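Colleague: Below are the sequence and a predicted model for it; my questions follow.
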Amino acid sequence: MAGFSRSSYYVGNHSQSDALIRARRPYLVKNAVTGIAIAAFAVGVYAYTIHAIGQDEFEDVKVPDAPQVVPQQGAQKASK
């Protein structure tokens, strides 16, 4: 396609051009606030979950006794 040059918002060293910075400027604060709000929500859910689980007492869960180990005859011969 002769005559058509590729337009890009990035310059040769892959950094943002002035046009891209100008185009993104109106959305910068809104995007930052939205990102902080989403991160705060995720951290809040995590903290609440850890807090709620930490208060749980597992008294109703039956814990089995430690299993009794029966020595095998083959193991005794191998150790001698």
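Modeller: All right, it came through fine.
Colleague: tally of neighbours for Y9?
Modeller: Counted with other CB atoms under 10 Å, residues neighbouring Y9 total 13. Using the backbone N, CA and C atoms, a C-beta is placed for each residue, glycine as well.
Colleague: What does the pLDDT read for it?
Modeller: pLDDT for Y9: 81.
Colleague: Strands of the protein, start to end?
Modeller: Under the criterion DSSP state E, the chain contains no strands.
Colleague: just for the protein, where's the confidence low?
Modeller: Within the chain, the stretches with pLDDT under 70 are 1-7, 74-80.
Colleague: counting residues per helix, which one in it is longest?
Modeller: Using DSSP state H, we find that the single longest helix of the chain is helix 18-54.
Colleague: Just the buried residues of that helix, please?
Modeller: For helix 18-54, the neighbour count (16 or more other CB atoms under 10 Å) marks no residue as buried.
Colleague: was I right about Q16 contacting R22?
Modeller: No - at 10.0 Å, Q16 and R22 do not qualify as touching, with contact defined as CB atoms under 8 Å.
Colleague: what's the distance between Q68 and A42?
Modeller: From Q68 across to A42, the span is 47 Å (CB to CB, to the nearest Å).
Colleague: again, but for D60
Modeller: Relative to A42, and taking CB to CB, D60 is found at 31 Å.
Colleague: now N31
Modeller: Distance of N31 to A42, given as CB to CB: 17 Å.
Colleague: Next: Y48.
Modeller: Separation of Y48 from A42 (CB to CB) stands at 11 Å.
Colleague: cool, F58 as well?
Modeller: Taking CB to CB, one finds F58 at 27 Å from A42.
Colleague: same question, G35
Modeller: As defined by CB to CB, G35 lies at a distance of 11 Å from A42.
Colleague: For P64, give me phi and psi.
Modeller: Main-chain dihedrals, P64, degrees, to the nearest 10: phi -70, psi 150.
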